[in-house]
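Engineer: Provided below for reference: sequence and predicted model.
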Amino acid sequence: MTLRSVVKGTGSALPSRRVDNAELAEMVETSDEWIVERTGIRSRHIAADGETTATLAVEACRKALESAGLQPDDIGLIVLATATPDQTFPSSATKVQALLGIRDCIAFDVHAVCTGFLYALSIADAMLRGGNAKRALVIGSETFSRILDWEDRTTCVLFGDGAGAVVLEAEEGERGILSTKLHADGRHNGLLFVDGGPSTTGTVGKLRMKGREVFRHAVVNLADVLSEVLSEVGLTSSDIDWVVPHQANARILDATAKKLGLPPEKVIVTVDRHANTSAASVPLALDVAVRDGRVKPGDLLVLEAMGGGFTWGAAALRY
Ligand code: UT7
C-alpha cells in the first residue's frame, strides 16, 4: 500500500457583493458583449471593506473542515496560496490559524500567483507523506480587486475575489494525490506582473498584463503539463473523469480541452460567475463540482493552472 494525501473535505467562500459586466461598463469603456465573447465572464464577486484574503480563507476552511467531519485542532499544517496577503508579513496562513483557533501547527503562505494552489497542494502532499503532519488545510485565497487598476479595461474586467480550501489527510490506499508537476519560467515576468512591491517601490502596486501573449503561452503550457502528469501515472486523457482548471478565460479552457481531445462536458467551468480568482480558482471550482454532485469518490481528477512568473502546474488525483 502507498501512503497518499487524500482529499477529505472541500469548502469555498465568495464575497457577498456580486458585480456583473453591466456595472463595469459604467466604470470603463467596455460592454457585456465584449467581456462574454472574449472571456466567458458574466459576473464576479468583489470583497467589501473588512473582507480580506484571510477572512475569506477562514470561511472556506470552516466549510472544508465541516465536510470532512473534523475540528480545527485536527489540522497540523496550513499552506495558503495567495498573491494578495493581508499583510506583507506575517503570512496570512498564521492569521487563518489564529482565526480558526488552532494553538499549534505549521503555517505558511505560498506565492505562485494563479498556479499557487497547485504549488501549495504539491508542497502539502510532500510534507504529509514525509510525516510532518497527519492532516493539512490547503487554501487558495485572493482579493485581486485590491491590486486592480480600475481604470484599465484590459485587466479590471477579468478578475474577482474568493477562496477555496481542501482538507488533506495522509492515508494508505489507492485514493489521493497520484502525481503533481510544477514549472516556472521567470523570463516572462514582464507579461503578467504587479508594478510595485516592498523591496522596489515600497508600494503595493497594480496588476499589469499583456493578455494576448499570456493567452498564447497558457494554451501550450497547460496542454503540455496535463499530458506530463497523466503519462507520469500511466493514464491517458480518456481516463479523466473531470478536469478542474484554473478559470482565466473560457476560450483557454476550450482550447486546452480540444488540444487534449477532451469533451467539454468533462471540464468544470466557473469562470462565468467567479471570473479569474487567481490561486482561489481551482479549489473554488472543485468545491462547486463536489457540492453539486458531479465529482464523486473514486473519480480521476486533473487540476491545472498557469499564471504570473510564468508558473504552471498540474495534479492528478483519485478523489
Ligand atoms: O490567470 C493568469 C492567466 N491569465 C490569462 O490566462 C489571461 C490570458 N489572456 C486573455 O484571457 C485574453 O488575452 C484577454 C481576455 C485578456 C484579451 O482578449 P483578446 O482576444 O486577446 O483581446 P486583445 O487583448 O487582443 O484585445 C482586442 C481588442 C483591443 O482593441 P484593438 O487594439 O483591437 O483596437 C483592445 O483594446 O479589444 C480591446 N479591449 C477591450 N474592449 C472592450 C481590451 N479590453 C477590452 C474591454 N472591453 N474590457
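Structural biologist: Structure's in. What do you need? Numbers count the residues shown, from 1 in each chain.
Engineer: Please name the residues that touch the residue of the stretch 1-150 of the chain at minimum distance from the ligand.
Structural biologist: Taking CB to the nearest ligand atom as the measure, the point where the stretch 1-150 of the chain comes nearest the ligand is residue 30, at 3.3 Å. Glycine gets a C-beta too; all of them are placed from N, C-alpha and C. Counting by CB atoms under 8 Å, 6 or more residues apart in numbering, residue 30 touches 21, 24, 153, 157.
Engineer: Filter those residues down to just the ones in helices.
Structural biologist: Mapping the contacts of residue 30 onto helices (DSSP state H) picks out 21, 24, 153.
Engineer: Turn these into a markdown table, including distance to residue 5.
Structural biologist: Listed next are the ones in helices among the contacts of residue 30 as a markdown table, based on distance: CB to CB, whole Å:
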| residue | distance to residue 5 |
| --- | --- |
| 21 | 38 |
| 24 | 39 |
| 153 | 41 |
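Engineer: which of these are buried?
Structural biologist: Among those, those buried by neighbour count (16 or more other CB atoms under 10 Å) are 21, 24, 153.
Engineer: In a markdown table: these, plus pLDDT.
Structural biologist: A markdown table is the format used below for those (pLDDT from 0 to 100):
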| residue | pLDDT |
| --- | --- |
| 21 | 98 |
| 24 | 98 |
| 153 | 98 |
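Engineer: Output those of those also counted as contacts of the ligand.
Structural biologist: residue 153 (CB under 6 Å from any ligand atom).
Engineer: Tell me the one among the buried ones among the ones in helices among the contacts of residue 30 nearest to residue 249.
Structural biologist: If you rank these by distance to residue 249 using CB to CB, residue 21 comes first, at 14.3 Å.
Engineer: Nearest spatial neighbour of that closest one, chain-adjacent residues omitted?
Structural biologist: residue 32 (3.9 Å; CB to CB, 6 or more residues apart in numbering).
Engineer: Equivalent analysis for residue 312, please.
Structural biologist: residue 306 is the one closest to residue 312 (CB to CB, 6+ apart), at 3.9 Å.
Engineer: Ok, residue 284 next?
Structural biologist: That would be residue 164: by CB to CB, 6+ apart, it lies 3.9 Å from residue 284.
Engineer: show me the contacts for the one you found.
Structural biologist: So residue 164 contacts 10-13, 60, 117, 139-141, 280-287 (CB under 8 Å, 6+ apart).
Engineer: any idea how far it is from residue 177?
Structural biologist: 16 Å (CB to CB, to the nearest Å).
Engineer: Find the nearest non-adjacent residue to whichever residue of the chain sits closest to the ligand, please.
Structural biologist: Closest residue of the chain to the ligand, CB to the nearest ligand atom: residue 211 (2.6 Å). In space, and not counting its chain neighbours, residue 211 is closest to residue 154: 6.2 Å by CB to CB, 6+ apart.
Engineer: can you check residue 100 too?
Structural biologist: residue 72 (4.2 Å).
Engineer: count of neighbours near that neighbour?
Structural biologist: For residue 72, the count of nearby residues is 19 (other CB atoms under 10 Å).
Engineer: Over to residue 203?
Structural biologist: For residue 203, using other CB under 10 Å, the count is 11.
Engineer: which non-adjacent residue is nearest it?
Structural biologist: residue 196 (4.1 Å).
Engineer: Write out the residues of the stretch 101-250 of the chain neighbouring the ligand.
Structural biologist: Proximity of the stretch 101-250 of the chain to the ligand (CB under 6 Å from any ligand atom) is limited to residues 114, 153-154, 157-158, 211-212, 214-215, 218, 248-249.
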